[in-house]
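Visitor: model this:
(2 chains, ligands or ions: 1)
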Amino acid sequence: MTDVRVAGVGLTRFGSHPDRTGRDLFATAALRAFEDAGVPREDVEELNYGNFMGALAEHQGHQAPLMAEAAGVSCPSTRYEEACASAGVAVREAVRTVRAGDADVALAGGMERMTNLPTDEVTEGLAIAADDLFEVRAGVTFPGAYALMATAYFDAYGGEREDLAHVAAKNHANAVPNEYAQYRKEVSVEEALDAPPVAEPLHLYDACPITDGASALVIVSEEYAAEHDVDAPVAVTGTGQGTDRMSLADRQHLARTPAADDAADAAYADAGVGPGDVDVAEVHDCFTIAEVLALESLGFFDPGEGISAARDGVTTADGDLPVNLSGGLKAKGHPVGATGGSQIAELTRLLRGDHPNSERVADAEVGVAHNAGGTVASAVVHVLEVAK
Amino acid sequence: MSAPASNGAYDEWLDALGDGEGYALVCPEGHGSLPPRRVCPECGSATLSEERLAGTGTVETYSVVHVAGPQFADDTPYVTAVADFGPVRITGVLRGVEPGSDAVAVGDRVAVGVEERATDGAPLVAFRPAGGE
Ligand SMILES: [Zn+2]
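Guide: Numbering: from 1, shown residues only, chains lettered A, B, ... in the order given. Below is the predicted model:
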């Protein structure tokens, strides 16, 4: 089995791009990834592309060949759909393909266009990541589902809205220097607490925004990097994925995410590291409570203990374990099908030392990316390490 | 818009719930699930029998939804809840309360039935506070 390196990363600015088609967004991310990698696009042997709601947003199915065209690559191309984890599973497939020796160079990432739809249609579009018969028809929205998890968490373990407001304030502060972030402004705990409710107990600043954007990664084998003199100092050393029952109501526990536990266990075992080795993490904070659940699934905290991590300063930029230095989905934005690739792009930049927040984790060697689909019926975790 | 397509065993289950005869599918191991099912999602057993559900359950979690999609546009704000009925939990909208964060508490007893969505009259799994609170 060969080792896998991230040779290059490319992102569009996350935010509102009213005049840009999905194909243009992905083309931009891919172009930047190739420039960053210094790898010629004709060497790409596989495209693994994530997208969730393109059929609704752009009336466009069958997106993979379209995106291969847009990126200027000529190779087998496949679209992956796993709700908000679409790009995470696409990257995982690229890693597995290169490891298996089926390709030396893969292009992986994703794209989502969302702001061209009215808010109620986006709300409806996101809701279909839940069980249509037993959740959507019963009034469950995407924020509503995480609100159900938040209420269950508070009931089981304690915690309050103010704990979650600290997660929002932390991630907004982290996004300020990030040139790719949608919201580069600080939000105070008080502002978060006073914002209008979306699905109580979650309010406006507990929720990620609606975002357009794309991410792309050039994934190569260690041998390819050595032969072609490609500077690729970050390795993907672990990958893992987990699945849970689709409906929240069918889960064993309403305030835990065992799919992410399974993904993390597999990724750690794959990499030969444990939670105590991790220096920096990008986690799926589509809602503030989701970051709390992620910290617990990744083994940084026991169940019920992650709620105060931001408030206590453990996960802030100057804490022991900085989480979401990119700004997270919360402030950097959440173009659903691009997010998993974006997390790995940000983590790569943080570990390479060329991220505006790299100085916060100057000695970091091990990073973890946690990407979740829906209410974590699916989850994918990757371990990245500075190559020795 | 054309008439909605049938969802088979789900529609039958919803009709039964509306008639006060809701049921769960239960395997020999005692795992509960909701139809349509060919096998138990926990253990894979193909031996599933219908077990009548009690008319009331216990709220395990809830949320007050203020922002919804077009199908619930005229229903907001409303309370969604997940209630435990023994072999299964059911998700629905809690009616008969003022939609606010103190409208209900985890542990409250609720009755389950089928009502109409305010927005378009579509059938909706609905809870009502159970008497004797
Ligand atoms: Zn069973």
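
Visitor: strands of chain B, start to end?
Guide: Here chain B has its strands, by DSSP state E, at B:23-26, B:32-33, B:49-52, B:56-65, B:78-84, B:89-94, B:109-116, B:123-129.

Visitor: columns mean pLDDT and distance to the ion on top of those, output as JSON lines?
Guide: Using the backbone N, CA and C atoms, a C-beta is placed for each residue, glycine as well. Shown next, in JSON lines, are the strands of chain B (pLDDT from 0 to 100; distance: least, Cβ to the ion, whole Å):
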{"stretch": "strand B:23-26", "mean pLDDT": "98", "distance to the ion": "8"}
{"stretch": "strand B:32-33", "mean pLDDT": "98", "distance to the ion": "8"}
{"stretch": "strand B:49-52", "mean pLDDT": "98", "distance to the ion": "11"}
{"stretch": "strand B:56-65", "mean pLDDT": "98", "distance to the ion": "21"}
{"stretch": "strand B:78-84", "mean pLDDT": "98", "distance to the ion": "18"}
{"stretch": "strand B:89-94", "mean pLDDT": "98", "distance to the ion": "16"}
{"stretch": "strand B:109-116", "mean pLDDT": "98", "distance to the ion": "23"}
{"stretch": "strand B:123-129", "mean pLDDT": "98", "distance to the ion": "23"}
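
Visitor: would a markdown table of those strands with mean neighbour count be doable?
Guide: As requested, the strands of chain B are exported to a markdown table (neighbours: other Cβ atoms under 10 Å in any protein chain shown):
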| stretch | mean neighbour count |
| --- | --- |
| strand B:23-26 | 21 |
| strand B:32-33 | 20 |
| strand B:49-52 | 12 |
| strand B:56-65 | 24 |
| strand B:78-84 | 24 |
| strand B:89-94 | 25 |
| strand B:109-116 | 18 |
| strand B:123-129 | 21 |
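
Visitor: mind putting the ones you listed in a markdown table, distance to A:D104 included?
Guide: As requested, those are exported to a markdown table (distance: least, Cβ to Cβ, whole Å):
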| stretch | distance to A:D104 |
| --- | --- |
| strand B:23-26 | 49 |
| strand B:32-33 | 45 |
| strand B:49-52 | 55 |
| strand B:56-65 | 48 |
| strand B:78-84 | 48 |
| strand B:89-94 | 47 |
| strand B:109-116 | 57 |
| strand B:123-129 | 52 |
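
Visitor: among those, which comes closest to A:G15?
Guide: Closest to A:G15 of the strands of chain B is strand B:56-65 (Cβ to Cβ; 26.3 Å).

Visitor: that closest one packs against which elements?
Guide: Counting contacts by 3 or more Cβ pairs under 8 Å, 6 or more residues apart in numbering or on different chains; DSSP states H and E, strand B:56-65 packs against helix A:142-157, strand A:197-200, strand B:78-84, strand B:89-94, strand B:109-116.

Visitor: want to throw the ones you listed into TSV with distance to A:A165?
Guide: Below are the helices and strands packed on strand B:56-65 laid out as TSV (distance: least, Cβ to Cβ, whole Å):
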stretch	distance to A:A165
helix A:142-157	12
strand A:197-200	13
strand B:78-84	23
strand B:89-94	26
strand B:109-116	30
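
Visitor: quick one: the strands in the stretch 201-350 of chain A, in order.
Guide: Assigned by DSSP state E, counting those that start in this stretch, the stretch 201-350 of chain A shows strands spanning A:202-203, A:213-221, A:234-243, A:280-282.

Visitor: name the stretch among the ones you listed that sits most buried.
Guide: strand A:213-221 (a mean of 32; mean count of other Cβ atoms under 10 Å in any protein chain shown).

Visitor: which other helices and strands does it contact?
Guide: strand A:4-11, helix A:22-37, helix A:86-99, strand A:105-112, helix A:339-352.

Visitor: hey, which of the ones you listed is tucked in deepest?
Guide: strand A:105-112 (a mean of 32).

Visitor: now do the contacts for the residue nearest to A:G299 when sequence neighbours are not counted.
Guide: In space, and not counting its chain neighbours, A:G299 is closest to A:P275: 3.5 Å by Cβ to Cβ, 6 or more residues apart in numbering or on different chains. Applying Cβ atoms under 8 Å, 6 or more residues apart in numbering or on different chains to A:P275 gives the contacts A:A264, A:Y268, A:L298, A:G299, A:F300.

Visitor: and if you look at B:F127?
Guide: B:G57, B:V59, B:A81, B:A83, B:G92, B:V93, B:L94, B:R95, B:V110, B:A111, B:V112.
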